[in-house]
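A.B. asks: Curious how this folds, go ahead:
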Amino acid sequence: MTVGSWLTNYQLPITNYQLPITNYQLPITNYQLPITNYQTIMNFIESFKMAGQTLLANKTRSSLTMIGMIVGNASVIAMIGIGEGAQNFVGGQVKSLGTNVLIVRAGVPNASRSSIRNAPQTLIVEDGKAIASQVPSVQGVSAELNSSELVRYGNKNVSSLIFGTIPEFLTVRNFEMAKGRFLTELDVRQNNQVVILGSELAEKLFANTNPLGEQVRVKNVSMKVIGVFAEKGTSFGTNYDNSAVVPIATMANRIVGRKSPYGLAVTSLFISIQDESKMDAAQFQVENLLRLRHKITTEDDFTVRNQKDLMATMGSISGALTLMLTAVASISLLVGGIGIMNIMLVSVSERTQEIGLRKAIGASQHDILFQFIIEAVILSAAGGIVGTCVGVGGILLVGNFTPLQAGISPVAIALAVSVSGGVGLFFGVIPARQAAKLDPIAALRSA
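C.D. replies: Residues are numbered from 1 along each chain as shown. As a prediction, this is how the structure comes out:
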């Protein structure tokens, strides 16, 4: 091989070696992107600092401007939390009676509400027994005859709601015993003069003394205390802890003197259903059975209420009220946004010389626009954060001093703060654009 041919062939690696050098330029070109992003970040930080300094220089005006946003956010968060607490409260009230419970009351469904004592005598204990035996999905039936009476022990008198009932009351109504025992079938059959006291009623009458075995008088009828209920609470205005239970026959014969030609009259039947999914079918069967027993051909002489439907209705009502109150409270956010726009417009007029100087030394319209928008967003977001704290504090106060266990919703907080920031951004655009469009020469001349 000659020297010339060897040199010609040797050029191939040298030519191929240029490829990595050419390819090596790609990372250098791509490396410019972070530099551009870094400049943007620095511009944002600088604009943020300037906006903060401007707002801090006018603390009183900035604070007054934020009041609208503070009130708006606090109102929205508080209304949502209190509304949620109201829904939980109503749900708890219904659940305390049982969501799988049907309530049958004597009287025409659309008749005006009458007192318990004057309720029509259309339901009897035998109706409850027939329902328990003939409706397959029924788990238990509690027949009740109620009246408000005076309970006495020694020199202490307490007005209380007295339930005349049967042994099934304990399980159907979800009561629990704290002391002693509940009624038995023997107590009902023999008209025994025995009574079970609610926890609050026992405390009022006996204080720290054990009431078991003591004699109390219920409407001048002497009764032996055989038990005390565990705390039950209040449901739909009825304080069960300040109530008492006696055998239904004793109640009818000795306390209220309620007579019926058809049997032992009652004011209501509480029916527990085995499965909530069978509530509608059970209600249909109960209504048909009572119509047959009462020989009804026209209008019913009883009313059947479904606790599940009641809970859904009450939940819908409280939800609608919450939505309405929240919408009303949200108006203050709009008012706060208008206040921010007003103050920002005033600020543009006051800072005409500053804007002119900045534009004269090279600030772009985008820089001016960005600074004023940031000021508006800072005002609204700061007002939103303070308002959130105020709203959460209000919810905690409501929870501590009322039966409503108001809930703190993270979604509501995030939404309120986001909306307040968005309101500030929206209402800050007009003043910001007005500032950005100022001609630097005209601005300096007018100043």
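A.B. asks: What is the end-to-end distance of stretch 230-240?
C.D. replies: This stretch, stretch 230-240, spans 10 Å end to end (Cα to Cα, to the nearest Å).
A.B. asks: now do stretch 211-221
C.D. replies: Distance between the boundary residues of stretch 211-221 (Cα to Cα) amounts to 17 Å.
A.B. asks: which parts of it are buried?
C.D. replies: Using 16 or more other Cβ atoms under 10 Å as the burial criterion, the residues of stretch 211-221 that qualify are 211-212, 214, 216-219, 221. In this view, the C-beta of every residue, glycine as well, is placed from N, C-alpha and C.
A.B. asks: and what of stretch 318-325?
C.D. replies: Using 16+ other Cβ under 10 Å as the test for burial, stretch 318-325 gives 318, 322, 325.
A.B. asks: Which members of these occur in helices, if any?
C.D. replies: Counted as lying in helices by DSSP state H, out of these, are 318, 322, 325.
A.B. asks: Including distance to residue 280, could those residues go into TSV?
C.D. replies: Formatted as TSV, these follow (distance: Cβ to Cβ, whole Å):
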residue	distance to residue 280
318	23
322	28
325	33
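A.B. asks: could I get those as TSV with pLDDT?
C.D. replies: TSV is the format used below for these (pLDDT from 0 to 100):
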residue	pLDDT
318	72
322	74
325	73
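A.B. asks: which one of the residues you listed sits closest to residue 426?
C.D. replies: residue 325 (23.7 Å; Cβ to Cβ).
A.B. asks: ok, that closest one to residue 80 distance?
C.D. replies: Separation of residue 325 from residue 80 (Cβ to Cβ, to the nearest Å) stands at 9 Å.
A.B. asks: hang on, the earlier thing: list just the nearest of the buried residues of stretch 318-325 to residue 292.
C.D. replies: Checking the buried residues of stretch 318-325 against residue 292 with Cβ to Cβ, the nearest one is residue 318 at 38.0 Å.
A.B. asks: surely that closest one meets residue 86?
C.D. replies: Yes: between residue 318 and residue 86 there is a contact at 4.6 Å, judged by Cβ atoms under 8 Å.
A.B. asks: what sits in contact with each of those two?
C.D. replies: Counting by Cβ atoms under 8 Å, 6 or more residues apart in numbering, residue 318 and residue 86 have no common neighbour.
A.B. asks: do you know how far the residue nearest to the spatial centre of the chain is from residue 319?
C.D. replies: The centre of the chain sits closest to residue 84, judged by Cα atoms, centre = their mean, with a distance of 0.8 Å. Separation of residue 84 from residue 319 (Cβ to Cβ) stands at 9 Å.
A.B. asks: try residue 251
C.D. replies: Shown here: residue 251 relative to residue 319, a distance of 40 Å by Cβ to Cβ.
A.B. asks: all helices of the stretch 151-300 of the chain, in order?
C.D. replies: Secondary structure of the stretch 151-300 of the chain (DSSP state H, counting those that start in this stretch): helices located at 169-172, 185-189, 199-206, 248-250, 279-294.
A.B. asks: Would you mind putting those helices into JSON lines with distance to residue 57 and mean neighbour count alongside?
C.D. replies: Listed next are the helices of the stretch 151-300 of the chain as JSON lines, based on distance: least, Cβ to Cβ, whole Å; neighbours: other Cβ atoms under 10 Å:
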{"stretch": "helix 169-172", "distance to residue 57": "71", "mean neighbour count": "20"}
{"stretch": "helix 185-189", "distance to residue 57": "82", "mean neighbour count": "14"}
{"stretch": "helix 199-206", "distance to residue 57": "61", "mean neighbour count": "21"}
{"stretch": "helix 248-250", "distance to residue 57": "79", "mean neighbour count": "23"}
{"stretch": "helix 279-294", "distance to residue 57": "66", "mean neighbour count": "17"}
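A.B. asks: Switch those over to JSON lines; also include distance to residue 55.
C.D. replies: Formatted as JSON lines, the helices of the stretch 151-300 of the chain follow (distance: least, Cβ to Cβ, whole Å):
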{"stretch": "helix 169-172", "distance to residue 55": "64"}
{"stretch": "helix 185-189", "distance to residue 55": "76"}
{"stretch": "helix 199-206", "distance to residue 55": "56"}
{"stretch": "helix 248-250", "distance to residue 55": "73"}
{"stretch": "helix 279-294", "distance to residue 55": "60"}
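A.B. asks: Using CSV, please lay out those together with mean pLDDT and distance to residue 433.
C.D. replies: Formatted as CSV, the helices of the stretch 151-300 of the chain follow (pLDDT from 0 to 100; distance: least, Cβ to Cβ, whole Å):
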stretch, mean pLDDT, distance to residue 433
helix 169-172, 90, 69
helix 185-189, 92, 83
helix 199-206, 92, 66
helix 248-250, 91, 79
helix 279-294, 89, 61
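A.B. asks: about what we covered before: pretty sure the residue nearest to the centre of the chain sits in a helix.
C.D. replies: Yes: per DSSP: H, G, I helix; E, B strand; the rest coil, residue 84 lies within a helix segment.
A.B. asks: can you tell which of the helices of the stretch 151-300 of the chain is closest to residue 354?
C.D. replies: helix 199-206 (69.9 Å).
A.B. asks: Alright, calling it a day.
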